[in-house]
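A.B. asks: what follows is a predicted structure for the sequence shown.
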Amino acid sequence: MKKILIVEDDNYIHEMIRTCLSRAGYLCDSAFSGTEARLILREQSFDLMILDLMLPGITGEMLLKELRTSSAMPVIILSAKDELDTKVDLLTLGADDYITKPFAPKELEARVLVQLRNKGNRGEPLSSLRYQDLCLDDAKKQLFVSDTPVSLTAREYRIMELFLQYPQKVFSKNELYEYAWEDFYIGEDKTINVHISNIRGKIKKITEREYIETVWGLGFRLI
């Protein structure tokens with residue numbers, strides 16, 4: 001499970017973020033001040049940090065500046081400040097993304113997914129992802145079902161890559177689209193449905209087993 005540190009002193013916003021990301025399958029830890037976050041970061045490592053700017057003790061800006069001397073961990077800034085200069089300054093300082101309050105939990109979840117995906121792209125190659133009789137070979141950009149190769153388009157490959165990284169996790173059409181197309185979702189339901197149908201059809205030529213389940217009203221998952 002990916003570990004996320006939430007640094008936010010507003011209890012309501014903090015709990016909203018924690019609930020949203022926990023339901024999405026992330027392991028969340030909490031800090032309510034910059035000073036507390038600094039202590040936690042000395043003892044633990046995280047895959048991503050969500051950081052408020054206006055914090056008691058050490059400010060968000062100070063914490064970000066300290067972090068960037070030793071870590072490339074993705075940081076998403078939360079702030080009520082909407083000025084362009086503020087955003088530019090923080091991105092220059094090392095923030096990876098910036099969300100203005102108030103925000104929709106789904107937007108934050110999507111941005112977290114994008115940053116974690118980008119972190120994976122910046123790191124070592126995935127090499128291969130395996131789940132039951134499925135294997136996704138990153139070097140060959142090839143899906144194998146029971147050792148039989150399956151030809152996928154680039155978008156289909158990205159969809160399966162996301163599924164195989166998080167088996168059993170339900171992904172909304174929004175999340176699938178933003179990962180596979182690397183763009184913001186604008187209600188492309190038909191596009192996602194067609195790609196899922198095509199993947200199912202290709203797998204079915206090899207096995208009768210259903211690997212992709214439709215979770216009505218929520219999305220899809222690998223089972």
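C.D. replies: That came through, no problem. Residues are numbered from 1 along each chain as shown.

A.B. asks: which residue ranges make up the domains of this protein?
C.D. replies: When the chain is parsed into structural domains using automatic domain parsing, the resulting residue ranges are 3-122, 128-222.

A.B. asks: can I get those in JSON lines with mean neighbour count and mean pLDDT?
C.D. replies: For the C-beta atoms, the positions are set from N, CA and C on the backbone; glycine is no exception. Compiled in JSON lines, the domains of the chain are given as follows (neighbours: other C-beta atoms under 10 Å; pLDDT from 0 to 100):
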{"stretch": "domain 3-122", "mean neighbour count": "17", "mean pLDDT": "86"}
{"stretch": "domain 128-222", "mean neighbour count": "16", "mean pLDDT": "88"}
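
A.B. asks: looking at this protein, which helix is longest?
C.D. replies: Among all segments of the chain classified by DSSP state H, the helix with the greatest residue count is helix 105-122.

A.B. asks: so what touches the helix or strand following that one?
C.D. replies: The C-terminal neighbour of helix 105-122 among helices and strands, as given by DSSP states H and E, is strand 128-131. Applying C-beta atoms under 8 Å, 6 or more residues apart in numbering, the contact partners of strand 128-131 are Cys135, Leu136, Asp137, Asp138, Ala139, Glu161, Leu164, Gln165, Pro167, Leu222.

A.B. asks: closest one of those to Gly57?
C.D. replies: Ranked by distance to Gly57 (C-beta to C-beta), the contacts of strand 128-131 are led by Gln165 at 35.7 Å.

A.B. asks: quick one: Asp96 and Val112, what's the gap?
C.D. replies: Distance check for Asp96 against Val112: by C-beta to C-beta, to the nearest Å, it reads 10 Å.

A.B. asks: what do those two both touch?
C.D. replies: Taking C-beta under 8 Å, 6+ apart as the contact definition, Asp96 and Val112 share the neighbouring residues Ile76.

A.B. asks: excluding chain neighbours, what is closest to Leu158?
C.D. replies: For residue 158 the amino acid is Arg, not Leu. Taking C-beta to C-beta, 6 or more residues apart in numbering as the measure, Arg158 lies nearest to Ala180, with 3.9 Å between them; neighbours along the chain are not counted.

A.B. asks: the one you found against Arg155, yeah?
C.D. replies: Yes. Checked against C-beta atoms under 8 Å, the pair Ala180 and Arg155 is within contact range at 4.8 Å.

A.B. asks: so what sits against both of those two?
C.D. replies: Counting by C-beta under 8 Å, 6+ apart, the residues touching both Ala180 and Arg155 are His195.

A.B. asks: mind giving me the packing neighbours of the longest helix of the chain?
C.D. replies: Counting contacts by 3 or more C-beta pairs under 8 Å, 6 or more residues apart in numbering; DSSP states H and E, helix 105-122 packs against helix 11-23, strand 48-52, strand 75-79, strand 97-100, helix 173-181.
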